[in-house]
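# Predicted model and sequence follow; I will ask about them next.
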Amino acid sequence: MIKSIFYRFILSSFCLLLLVSCNTSEAENRIVEDFNFEWQFHLGDTANAQNIGFNTQSWRSLNLPHDWSIEGSFSEEHPTKPEGGALPAGIGWYRKTFSLPKEWKDKSVAIEFDGVYRNSEVWINGEYLGKRPNGYISFAYELTKHLNYGTETNIIAVRVDNSAQPNSRWYTGSGIYRNVRLVATEKLHVAHWGTFVKTPQVSKEQAEVELAVKLQNDSEAEKVYRVISRILNSEQQEVATITSEERSIQAKSTDSIAGVTRVNQPQLWSIENPHLYSIVTTIYENDKAVDQYKTPLGIRFFDFKAETGFTLNGVSTKILGVCLHHDNGALGAVANRYAIKRKLSILKDMGVNGIRTAHNPPSLELLQLCDEMGFIVQDEAFDVWKKKKVAADYHTDWADWYKKDLQDLVKRDRNHPSVFMWSIGNEIREQFDSTGIAITKELVGLVKELDKTRPVTCALTENIPEKNFIYQSGALDLLGFNYKHEDYKSFPNRFKGEKIIASETMSALATRGHYDLPAAEVKRWPPAHHAPFDGNEDYTVSAYDMVSAYWGSTHEETWKEVKKLDFIAGLFIWTGFDYLGEPIPYPYPARSSYFGIVDLAGFPKDVYYMYQSEWTTKPVLHLFPHWNWDEGQEVDVWAYYNNADEVELFLNGKSLGSKSKNGDDLHISWKVDYVPGILKAVSSKNGKVVLEKEIKTAGAPAQIKLTPDKKAISDDGYDLIYVTVEVLDENGNLTPKSNNQINFSIEGGGSIVGVDNGYQANLNSFKDKSCQVYNGKCIVIIQSNRFENLITLKASSPKLQSELLNIAVEPIEKKE
Ligand code: GAL
């Protein structure tokens with residue numbers, strides 16, 4: 001024992017010395033290059049585009065990540081169908097010419113793709129590297145033996161084939177829509193996704209940290225090495241170290257080692273304070289640092305219990321989650337860190353603490369942000385297994401790829417502290433027949449071989465135990481159930497001793513800012529099986545929380561249940577944001593979903609505030625609808641509130657009475673005969689005013705207001721600013737029914753990359769430089785173009801006073 005402590009001490013001092021002396025070389029050993037810029041693109045198939053001499057003069061230049069579907073026009077005729085977003089798919093080619101420094105000659109070089117939708121095939125200098133059918137999985141290719149160095153260039157070519165349609169129940173996007181990196185290492189290096197960190201014992205006093213490292217030796221010679229992994233806290237101070245003994249690794253082979261250390265008084269990762277450590281693993285070959293590899297580390301412990309649900313770090317915690325598809329609205333499938341961060345920030349403000357990655361492997365950025373911002377992630381692998389849901393979906397690739405895709409998902413994501421459970425599927429058809437048993441056992445086994453620290457779940461629909469063969473397998477750690485909230489109460493009896501989560505809930509429907517009167521009774525879609533939805537001519541759905549799919553419920557109906565039932569670990573609402581595709585309840589021209597609590601443009605619908613009043617402690621008072629009606633019309637006025645005993649409503653200064661929530665009600669309402677003027681709500685507690693909210697009758701549209709979501713933009717070529725565009729009357733009130741067409745022009749260091757108004761049947765292109773406001777609002781998304789310069793956005797419309805907005809562009813270093 002004493003000997004080993006002594007050994008560790010000597011090594012630690014030795015490392016410190018090494019750290020000081022080898023800093024620069026360590027930093028240079030592993031080069032991770034952003035490989036997104038300056039690609040060429042061709043829409044359509046073309047023969048021989050993988051060949052070195054192929055002429056790409058007519059091809060378009062662009063930067064990745066890129067989604068060609070989102071650039072197209074909507075049409076019912078596209079084979080993606082409105083369910084897939086009614087945008088074009090097809091085949092596309094990408095090429096990039098690049099050169100490498102002579103000094104890289106002795107390195108190992110690989111290319112990493114975070115996600116290509118779909119059926120990507122890759123060539124380097126005309127040599128075929130491989131194919132990857134799954135559009136959501138990340139993958140890498142070793143390039144070394146095919147590369148040229150110095151003045152001779154290299155060409156990487158990627159063919160993307162998304163032509164077999166329909167292959168999804170939602171919008172997928174097409175192309176290299178996630179990031180690409182080039183990674184150069186010495187011949188001896190940490191393998192791709194080569195570390196796995198676990199924290200088998202965690203208490204407030206101490207955490208045991210176990211790290212497994214897989215090394216790869218690409219050289220022709222056997223090597224002697226040692227590994228030192230330093231755990232750094234968020235201030236970059238070293239708090240613990242794992243050191244290996246000297247070992248040898250054969251030529252052209254891999255080797256795996258594991259070590260353990262302890263972190264004293266660990267700062268735990270939690271929803272409120274997601275403290276992140278990092279582990280820097282350095283490989284030494286003859287005392288020379290040859291590779292350095294970073295692994296994120298969040299120290300936390302958690303448990304799911306059959307009777308009492310979920311605890312995080314010993315604290316009972318309801319998972320208040322939403323399901324999210326991967327698209328970023330007007331940007332399509334393009335995985336952009338800033339777009340994802342905005343989405344998560346809007347959800348965090350509502351009180352959301354969980355994300356289900358419906359129904360596929362998410363982007364790296366989503367998981368990094370969930371690590372940093374404190375979200376509990378259900379990481380989901382598949383929407384189908386062997387049995388299809390739509391003609392050309394993943395079932396066609398299942399036999400050849402399910403094993404590798406699932407293993408790669410776990411290997412890629414298992415170091416993220418935000419990932420708390422693996423989901424092997426959503427509403428999988430095999431739950432209904434006995435083939436489900438063997439497949440479930442195999443998939444759970446595959447996950448457990450790679451990670452036993454998290455429960456494996458599956459989102460099920462069949463809640464009669466004898467009829468559900470995925471459940472019958474007995475292999476799941478956690479049962480996920482979608483919908484049927486009326487049955488929840490019976491679950492402890494039906495599924496004795498099982499841990500349960502409401503993996504998908506609600507499927508309520510709404511269009512932001514649209515209200516049907518009277519808000520009398522809850523409506524389901526379809527009212528009877530296969531009957532058409534008795535909807536509106538303009539494809540709107542009322543934003544009072546009173547419409548849902550028949551298999552789901554309104555938001556209030558299910559949340560009321562879940563909040564009372566301790567054995568339900570949490571819920572994931574369908575969905576946090578509207579997404580492209582699945583425009584239930586309407587046919588085309590509806591082309592995006594109505595399920596979101598937030599619309600496609602990022603504007604919250606009213607029910608957002610119901611959750612905020614329930615899921616956060618901040619004071620909330622939300623009053624709706626708008627106050628522009630026909631004289632004498634009876635209007636249902638609703639309010640969501642918290643932290644108060646009652647709310648008093650006033651119309652033009654006259655009290656219409658106070659109300660408070662009865663029983664388990666989640667809103668209050670009044671019936672008010674409309675007269676124009678000012679509607680005002682005042683919430684109070686113990687006779688003291690908590691909040692006041694006013695809505696004024698708006699006059700005619702007169703002016704444009706531009707509100708950016710931040711003041712300055714980084715010149716990194718990725719950063720985005722979302723500018724909210726509102727049409728106001730001459731007194732500055734939002735005009736709640738306006739639909740003016742706003743034209744944008746931009747100068748300086750940025751360009752417009754998307755416009756949207758959140759209306760589900762809007763057929764204008766997201767790439768236009770013009771957008772019609774919908775119910776008074778739209779957004780314009782600006783991206784910096786890597787040149788530091790002021791950006792000026794001008795918004796104008798024939799009958800409105802136009803508006804200018806200046807946005808400062810900051811050098812990269814100032815980036816958040
Ligand atoms: C669920 C399904 C989701 C979505 C939703 C719409 O059954 O899991 O992907 O289709 O219905 O309500």
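Perfect, thanks for sending it.

# How far does stretch 720-729 sit from its chain's centre?
Its chain's C-alpha centre and that of stretch 720-729 lie 24 Å apart, by CA atoms, centre = their mean, to the nearest Å.

# Repeat that for stretch 278-297.
Taking mean C-alpha positions (CA atoms, centre = their mean), stretch 278-297 and its chain are 30 Å apart.

# What average pLDDT does it get?
Taken as a whole, stretch 278-297 carries a mean pLDDT of 96.

# what do you get for stretch 59-75?
Mean pLDDT, stretch 59-75: 98.

# Same question for it: list its buried residues.
Neighbour counts over stretch 59-75 (16 or more other CB atoms under 10 Å) mark 59, 62, 64-72, 74 as buried. Where you see a C-beta, it was placed from the backbone N, CA and C, and this is true even at glycine.

# Which pair in those residues has the greatest spatial separation?
Greatest spatial distance among the buried residues of stretch 59-75 (CB to CB): Trp59 and Phe74, at 25.2 Å.

# Partner strands of the helix or strand where Val209 lies, with direction?
Val209 belongs to strand 206-217 when assigned by DSSP states H and E. According to DSSP bridges, strand 206-217 forms sheet pairs with strand 188-202 (antiparallel), strand 253-264 (antiparallel).

# Need phi/psi at Phe432.
Torsion angles at Phe432 (phi, psi; degrees, to the nearest 10) stand at phi -90, psi 0.

# same question, Tyr136
Taking degrees, to the nearest 10 as the convention, Tyr136 sits at phi -120, psi -10.

# Just want the residue of the chain that's nearest the ligand.
When scored by CB to the nearest ligand atom, the chain has Ser507 as its residue closest to the ligand, at 3.5 Å.

# what sits against that residue?
Ser507 sits next to 483, 548-549, 551-553, 574, 584, 595 when contact means CB atoms under 8 Å, 6 or more residues apart in numbering.

# Intersect the residues you listed with the contacts of the ligand.
Among the contacts of Ser507, the ones lying near the ligand by CB under 6 Å from any ligand atom are 549, 574.

# Give me the ChimeraX select line for the contacts of Ser507, limited to the buried ones.
To isolate the buried members of the contacts of Ser507 in ChimeraX, using 16+ other CB under 10 Å:
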select :483,548,549,552,553,574,584,595
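
# In strands, which of the contacts of Ser507 appear?
Counting by DSSP state E, the part of the contacts of Ser507 found in strands is 548-549, 574.

# now the residues you listed in JSON lines, with pLDDT?
Listed next are the ones in strands among the contacts of Ser507 as JSON lines, based on pLDDT from 0 to 100:
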{"residue": "Ser548", "pLDDT": "97"}
{"residue": "Ala549", "pLDDT": "95"}
{"residue": "Trp574", "pLDDT": "98"}
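
# Just give me the closest of those residues to Met421.
Trp574 (17.4 Å).

# okay but the closest one is in contact with Phe595, surely?
Yes: Trp574 is in contact with Phe595 according to CB atoms under 8 Å; the separation is 5.4 Å.

# what residues are shared contacts of the two?
By CB under 8 Å, 6+ apart, Trp574 and Phe595 have these common neighbours: 506-507.

# Which residues of this structure lie near the ligand?
Near the ligand, when you scan the chain using CB under 6 Å from any ligand atom, you find 169, 358-359, 426-427, 482, 504, 507, 549, 574, 582.

# Which members of those residues are the farthest-apart pair?
Based on CB to CB, the longest span within those runs between His359 and Ala549 and measures 16.6 Å.

# In three-state terms, label Lys560 for me.
On the three-state scheme (DSSP: H, G, I helix; E, B strand; the rest coil), Lys560 is labelled helix.

# how near is it to Asp477?
28 Å (CB to CB, to the nearest Å).

# Gln760 now?
38 Å.

# ranking the strands paired with strand 206-217 by burial, who's on top?
strand 188-202 (a mean of 19; mean count of other CB atoms under 10 Å).

# Which per-residue confidence value corresponds to the closest residue to Phe787 other than its chain neighbours?
Counting by CB to CB, 6 or more residues apart in numbering, Gly749 is the residue found nearest to Phe787 once chain neighbours are left out, at 4.8 Å. Looking at Gly749, its pLDDT stands at 92.

# thought Gly749 was touching Asn785?
Yes: using CB under 8 Å, Gly749 is in contact with Asn785, at 5.6 Å.

# show me the contacts for Glu556.
545, 610, 665-667.

# Kindly recompute the last result at 6 Å.
Neighbour list for Glu556: 545, 666 [criterion: CB atoms under 6 Å, 6 or more residues apart in numbering].

# I'd assumed it was in a strand, is it?
No: counting by three-state DSSP, Glu556 is not part of a strand but helix.

# For Gln407, see how far away it is.
Distance of Glu556 to Gln407, given as CB to CB: 41 Å.

# Now do the strands in the stretch 651-800 of the chain.
654-659, 668-673, 678-685, 688-696, 703-708, 712-714, 720-728, 741-748, 750-756, 770-772, 777-784, 791-797, 800-810 (DSSP state E, counting those that start in this stretch).

# so can I have CSV of the strands paired with strand 206-217 showing distance to Leu344 and mean pLDDT?
Below are these laid out as CSV (distance: least, CB to CB, whole Å; pLDDT from 0 to 100):
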stretch, distance to Leu344, mean pLDDT
strand 188-202, 23, 98
strand 253-264, 27, 98
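
# what about Pro492, which helix or strand?
Per DSSP H and E: Pro492 is located in helix 491-494.

# list the buried ones in that helix?
Across helix 491-494, burial judged by 16+ other CB under 10 Å covers 491-492.

# Would you mind putting the CA coordinates of it into CSV?
Extracted in CSV, the C-alpha atoms of helix 491-494 (Å, rounded to 0.1, in the frame of the first residue of the first chain):
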residue,chain,number,x,y,z
PHE,A,491,-49.4,0.7,-13.5
PRO,A,492,-48.0,-0.2,-10.0
ASN,A,493,-50.5,-3.1,-10.1
ARG,A,494,-50.0,-4.1,-13.7
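
# Quick one: distance of that helix to the chain centre.
33 Å.

# again with stretch 433-444
Relative to the chain's own centre, stretch 433-444 is displaced by 28 Å; criterion: CA atoms, centre = their mean.

# Please enumerate residues in contact with that stretch?
385, 424, 430, 456, 469-470, 472-473, 475.

# in this protein, which segments are predicted with low confidence?
Along the chain, segments meeting pLDDT under 70 span 1-28, 529-530, 813-816.

# With that, I have no additional questions.
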